[in-house]
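Q: Here is my input; please provide its structure:
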Amino acid sequence: MDCSSYKSNPLAEQVFIDQLITSLYATYADGDAINQTDGNNLPRESEILDILRDLLELVYPGFQEKAHYSASNLRYSVGEILSRSYSGLKDIIFRSLQYSCKAVEEDKCSCNCGKMADEAARYLLSRLPEIRNTLKKDVKAAFDGDPAAKTHAEIVLSYPGLKAITIQRIAHCLYEKNVPLIPRMMGEYAHRITGIDIHPGAKLGESIFIDHGTGVVIGETAEIGSHVKIYQGVTIGALSFPKDSSGKIIKGNKRHPTIEDDVTIYAGATILGPITVGASSVIGGNAWVTDDVEPCSKITISPPSQTIKRSRKSARCAACMESGLEEKMFRAAMWVLKESLKVQKEEEVLLIFDENTLCVAEAFRKAGNEAGITIKDRLIAITASNGADPDAETVQEMKNASVIIGATTNSLTHCHAMTVARNHGARAVTLPGITKELFARSVPEDAEKMRENGEMFLKELSGKHKCFLSTETGTLLTFETGNTPFQSDDGFFAEKGMVGNIPSGEVFGIPENMTGTLVVDGSIAGFPWEKGMENARIHIENNMAVKFETSRGKELENALDIAGKMGRKVAEFGIGLNSSLFLSGNLLEDEKVKGTIHIAFGNDAGMGGKNDVPVHIDCLVQNPTLEVDGKILMEKGVWKMER
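A: Modelled structure (predicted):
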């Protein structure tokens, strides 16, 4: 059977989706734990992280987001942050308490959640002086215990163990006041960014040093004494869980070890159960401990036998080296950093990438190192769709960044997080769907000529105009320009708030009152395309797609409808400018090819519009004829005006 002969059945697909909706919806009916549809407004992770960052600013002033403090403004700044933190804490704690109370008492809340929230917020904030004094000892313990540490500032800024301990000490205060949800969310945030998992219920002494830290786990009922040193991969956990007569785990009992003062626990050690490790003991690497350890003991295991083999040199990416792509990608990355974004040496670049763009990310790292530019890596999971936000931590990183490079499978160009970053003054280059081969040829042969052509089209499209678009394949569209200025993506994004693609080369803007038929005879963002595939036909009325025909059209419809009705709104009309590129089936490249146009649906907020939905999908049209106020600017893909 010829695999390429398979044709999808839209009706069967719709029946499948309808049946799936019914079966999935049925699982929501019992309201059991994992859906929160009609309940209270739970605290959001972004709110908790905003407050946590304020608290970290109070604990380590000058080391966090605020750059400049002096004796004259410190008291004022502390007061401002404290007031904001107090208000925010009361709000999110109240919502957490209210949720927990109703969850337990089945919508009969009898406690005073507002008063309890205020008491918990006051308790945490009143503990901050004590927390700071304890953390000073933690910093000194790290400095004294690590020969690689040069300064206390280096420890505060870069040691994951200190960050995990700091957040745990804050979360523990809320845990002590029986605040639900929030302490665990803080703890899991610390786990995510440091690789260290300390339950907020654990009791920590003073002068604790977690060296390296990755993989350290400390359970809820663990007690860690003072002057304890813990290396990476250590587990201080539970051995087993006692159960009641019905077979359910009994909660609230002591389950984890007590580590007394002056104990050292080396890498990979596992200590389990409600046991005690006596003071001044040493637990060796990879040891397994489930019984009490007397004070001043040393627990080790016999060294394993070793087999040593001579290994081959690892060769970065052999495919890139053999094809010559490595050097070409390096030159492209250097051009983006130095020419496109004009990054200065004192600036830091946030580099966002995923599992499909590792080689491109490595090219940026290499170029940044060569140019003396700091590159901050952010490996993310592939986002849900073009225009969807990445994870919450990356969203926050984008908000705080001044320069962003997004080399990702799905587009970040029009996501809400990028709009926020742009509004905060960030400049950015995005490379959605980038491949090694495309990145290697992404630098325009004549960037200045492309810029001039972009200005030429901007002049023709600026202000109010009536436009007519047609193709021999059946596209017949009328639309207007005027309310939102058109922009040129010419590869130069050195000013604050500028965001564009690499490869570059398009003029784009938000069309108005678009009506007619669009026949997509090229690539669609996020969908495979090659010559000979059927076209997609979309009927548009007053800037809204109202009907989709052919199987490709139906695929587009399904992708847009993820965002609801407003996913169908016409978001963009663009003209390709780049004569160095060719149609490859990758929309990132295809939409920039000279002689093409593209129309997008969904999010237009990044271009000055108001439709901030989590989808933006571009559709390519080949060999168009474009008239503006009766003047032919392009005929069957050939420009009729060019400098």
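Q: any chance you could map the strands in the stretch 301-450 of the chain?
A: 348-353, 374-379, 403-407, 427-430 (DSSP state E, counting those that start in this stretch).
Q: which outside residues touch stretch 420-427?
A: Residues outside stretch 420-427 that contact it (CB atoms under 8 Å, 6 or more residues apart in numbering): 341, 395, 398-404, 428, 493-499, 606. Every residue, glycine included, has its C-beta placed from N, CA and C.
Q: one step back: just so I know, which of the strands of the stretch 301-450 of the chain lies nearest residue 460?
A: Nearest of the strands of the stretch 301-450 of the chain to residue 460, taken as CB to CB: strand 427-430 at 26.2 Å.
Q: where's that closest one relative to the chain centroid, distance-wise?
A: With CA atoms, centre = their mean, to the nearest Å as the basis, strand 427-430 stands 15 Å off its chain's centre.
Q: May I see the buried residues of it?
A: 427-430 (16 or more other CB atoms under 10 Å).
Q: Closest to residue 258 out of these?
A: residue 428 (50.0 Å).
Q: helices and strands of the protein: which one bottoms out on pLDDT?
A: Every helix and strand in the chain was compared by mean pLDDT, DSSP states H and E; the lowest is helix 318-323, with a mean of 61.
Q: domain assignment for the protein?
A: 39-196, 215-300, 318-440, 453-496+503-639 (automatic domain parsing).
Q: Span of the last one from start to end?
A: Across its full length, domain 453-496+503-639 reaches 10 Å between end residues, using CA to CA, to the nearest Å.
Q: and it, what's its mean pLDDT?
A: Domain 453-496+503-639 shows a mean pLDDT of 93 in the predicted model.
Q: Renumber starting at 565 from here on
A: Done: numbering now begins at 565, and the last item shifts to domain 1017-1060+1067-1203.
Q: Distance from the chain centre to it, please.
A: 27 Å.
Q: Kindly report the same for stretch 578-591.
A: Using CA atoms, centre = their mean, the offset of stretch 578-591 from its chain centre is 30 Å.
Q: same check, this time on stretch 966-980
A: 9 Å.
Q: What distance separates the opening and closing residues of it?
A: Stretch 966-980 end-to-end distance (CA to CA) = 16 Å.
Q: same deal with stretch 1035-1045?
A: Terminal-residue distance, stretch 1035-1045 (CA to CA): 20 Å.
Q: thinking again about what came up before, nearest to residue 1124, out of the strands of the stretch 865-1014 of the chain?
A: strand 991-994 (20.2 Å).
Q: Please export the C-alpha coordinates of the closest one as CSV.
A: As requested, the backbone C-alpha atoms of strand 991-994 are provided in CSV (Å, rounded to 0.1, in the frame of the first residue of the first chain):
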residue,chain,number,x,y,z
ARG,A,991,14.2,43.7,21.9
ALA,A,992,14.0,40.2,20.5
VAL,A,993,14.7,37.9,17.6
THR,A,994,12.6,34.8,17.1
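Q: follow-up on the earlier one: in TSV: the domains of the chain, plus distance to residue 573.
A: Below are those laid out as TSV (distance: least, CB to CB, whole Å):
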stretch	distance to residue 573
domain 603-760	40
domain 779-864	48
domain 882-1004	24
domain 1017-1060+1067-1203	9
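Q: Residue 584: which of the ones you listed is closest?
A: Comparing the domains of the chain by CB to CB, domain 1017-1060+1067-1203 comes nearest, at 12.7 Å.
Q: follow-up on the earlier one: between the domains of the chain, which one is nearest to residue 586?
A: domain 1017-1060+1067-1203 (17.6 Å).
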